[in-house]
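Visitor: Next comes the sequence, and after it the predicted model I'd like to discuss.
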Amino acid sequence: MAVFKSLLNNDVKTTKSILNQLVDIVREDVSGSNSRKSYEVFVTSSYGPGVTSSLYQTVFDQDFSLQTSNSLFDITFGFYPESTEAKEPTTAPGAFITEDTAGKRRYKHTSLMMREKQDIYKQFAATLLGNPTAVFKAPYSMDTSTTVGNINAALFISLHRLFVRDGIKRETFAMRMNYHINNALGTGGTFTDNLFQIMGNTERIYTDFGSSTNRPTAVGGEVGNIVYASDTSQVVGLIFYDHGTIVLDVEKVFSKTDIGHGKIDAMTAAASSGSAGSVYSAAGAIPRGKALFGPPLKTAGGALTFGANGPGDATIPASAITAGGTMWPYFWTSGSIDNIVDHICVTRFGSDAGTAITFQNATEINSTIYFIRAQPDEFNYSSNPTYVASNGQIIVTDDSVNSLSKPFSYITTVGLYGDYDDLLAVAKVSRPIEKNDEKDLTIRVRLDF
């Protein structure tokens, strides 16, 4: 039976500790179509077949249809509303047309989701910076007197709490991404699709090295700068440790001059013939609701030109060509968010079993430690009926063998009770502990939460 003893103030101690765990996210989980989930929440008008896209995608650690899968992070893209790409009419193809009295901006049909891209940027700015009109800056700064360091085109990666726990440990974050995409220009002026293809090894490592030196704090918690590992003077983004959110400057982490080529979502009602585009591109036929991104022609002198038709091919509608070719800014303004995220996850991360993102999380453990003290004259007897025989003789002693035998007991369980004798917690020892009048015993009970 239980024996009760009150705990004094000096028998109770509270403490806090940090537990760190290493998290590795592999590339094949990021690039795989089965482990990356999209949400069809954006739908265009009835012109053509229309375009359906996500506002973000979620990456899982295995096939997301399985109940055992765990979501790793969300990934999306956004434009700063005051950036040149968002508000200047000279920036094709996402050219700004006008803004109505309600503040709603209109863009050419050759761009997609420009308003949504700006809303996403404002949402993250409101959460992390405390102001939806604020701009992310790398290196981190809240100085609005200059545009130096502005992140006008941001890639947002929000790591989920299951893996971030209470935050990311400083100077443990690193990620690998391809800086370049493969050359799209082939022989004879033809182009090879490279927007959604697995690329070669042009990777760079981005890390938060040096973030422990300067520890600024924003509305979203502690902030650190993300730098290029081979040249730490190049600050390419921000990391918000408490939120587990990474903000990367697209103009810095990816080459701006690479030529892209391939089919993307578009507001097109006409389709090309089966042979259209095959002269210069592996894209082949261009269906309704798609457009050919990239320069279709190469002159004899080697210069890239933009036009509606390939050599000797007059079957491609002009509306099915997205004039541009260089990844910046054309792909980021003309592609849907699904196009952009698919390109990044497949082309920039790669698909092998190597590490894409790694960090150490931090779990704050609040502990209350109870010191259960059993002095020599305490807890040497038990009120359990099985402790004595029918004649009152203590079973664990035998006077016929040794008249000096003393009673003893075995401690197996410690119960913690509240002020009203309610059992609140039970602690079991790994093996019974013998207690007699020659032992001064202390059992430590630790409650973590």
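Guide: Right, received. Where do you want to start?
Visitor: what's the burial count for Asp100?
Guide: 8 (other CB atoms under 10 Å). (Glycine included, C-beta is placed from N, CA and C.)
Visitor: If we ignore the residues flanking it in sequence, what's nearest it?
Guide: Nearest residue to Asp100, sequence neighbours excluded (CB to CB, 6 or more residues apart in numbering): Arg106, at 7.4 Å.
Visitor: what's the helix or strand for that neighbour?
Guide: strand 105-107 (DSSP states H and E).
Visitor: Also Ala353?
Guide: Under DSSP H and E, no helix or strand contains Ala353.
Visitor: surely it meets Glu28?
Guide: Yes - counting by CB atoms under 8 Å, Ala353 touches Glu28, with 5.9 Å between them.
Visitor: Now do the domain split for the chain, please.
Guide: Listed by the TED database, the domain ranges of the chain are 18-262+329-363, 375-448.
Visitor: just these: most buried one?
Guide: domain 18-262+329-363 (a mean of 18; mean count of other CB atoms under 10 Å).
Visitor: now it: how far from the chain's centre is it?
Guide: The chain centroid and the centroid of domain 18-262+329-363 are separated by 10 Å, computed with CA atoms, centre = their mean, to the nearest Å.
Visitor: Low-confidence bits of the stretch 51-200 of the chain, can you list those?
Guide: For the stretch 51-200 of the chain, the stretches flagged by pLDDT under 70 are 89-95, 185-191, 200.
Visitor: all helices for it, in order.
Guide: Applying DSSP state H, counting those that start in this stretch to the stretch 51-200 of the chain gives helices spanning 84-87, 114-128, 161-164.
Visitor: Redo those as JSON lines? Include distance to Leu7.
Guide: Converted to JSON lines, the helices of the stretch 51-200 of the chain look like this (distance: least, CB to CB, whole Å):
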{"stretch": "helix 84-87", "distance to Leu7": "63"}
{"stretch": "helix 114-128", "distance to Leu7": "44"}
{"stretch": "helix 161-164", "distance to Leu7": "35"}
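Visitor: out of these, which comes closest to Val236?
Guide: Proximity to Val236 (CB to CB) singles out helix 114-128 among those, at 16.7 Å.
Visitor: helices or strands next to that closest one in the packing?
Guide: Under the contact criterion of 3 or more CB pairs under 8 Å, 6 or more residues apart in numbering; DSSP states H and E, helix 114-128 touches strand 71-79, helix 84-87, strand 105-107, strand 153-159, strand 245-249, helix 337-343.
Visitor: Can you lay out the ones you listed as a markdown table showing distance to Lys263?
Guide: Formatted as a markdown table, these follow (distance: least, CB to CB, whole Å):
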| stretch | distance to Lys263 |
| --- | --- |
| strand 71-79 | 19 |
| helix 84-87 | 22 |
| strand 105-107 | 21 |
| strand 153-159 | 22 |
| strand 245-249 | 26 |
| helix 337-343 | 9 |
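Visitor: Phe359 is nearest to which of the ones you listed?
Guide: The nearest among the helices and strands packed on helix 114-128, by CB to CB, is strand 153-159 at 7.8 Å.
Visitor: Tabulate the CA atom coordinates of that closest one in CSV.
Guide: The C-alpha coordinates for strand 153-159 follow below in CSV (Å, rounded to 0.1, in the frame of the first residue of the first chain):
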residue,chain,number,x,y,z
ALA,A,153,11.1,38.3,-56.6
ALA,A,154,11.0,36.0,-53.7
LEU,A,155,11.0,32.2,-53.4
PHE,A,156,9.2,31.3,-50.2
ILE,A,157,9.9,27.9,-48.5
SER,A,158,7.9,27.3,-45.3
LEU,A,159,9.2,24.3,-43.3
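Visitor: what's the nearest residue to Lys428 if we skip its chain neighbours?
Guide: Lys428's closest residue in space is Thr413 (CB to CB, 6+ apart), at 5.6 Å.
Visitor: Which residues are in contact with the one you found?
Guide: Applying CB atoms under 8 Å, 6 or more residues apart in numbering, we find Thr413 in contact with 426-429.
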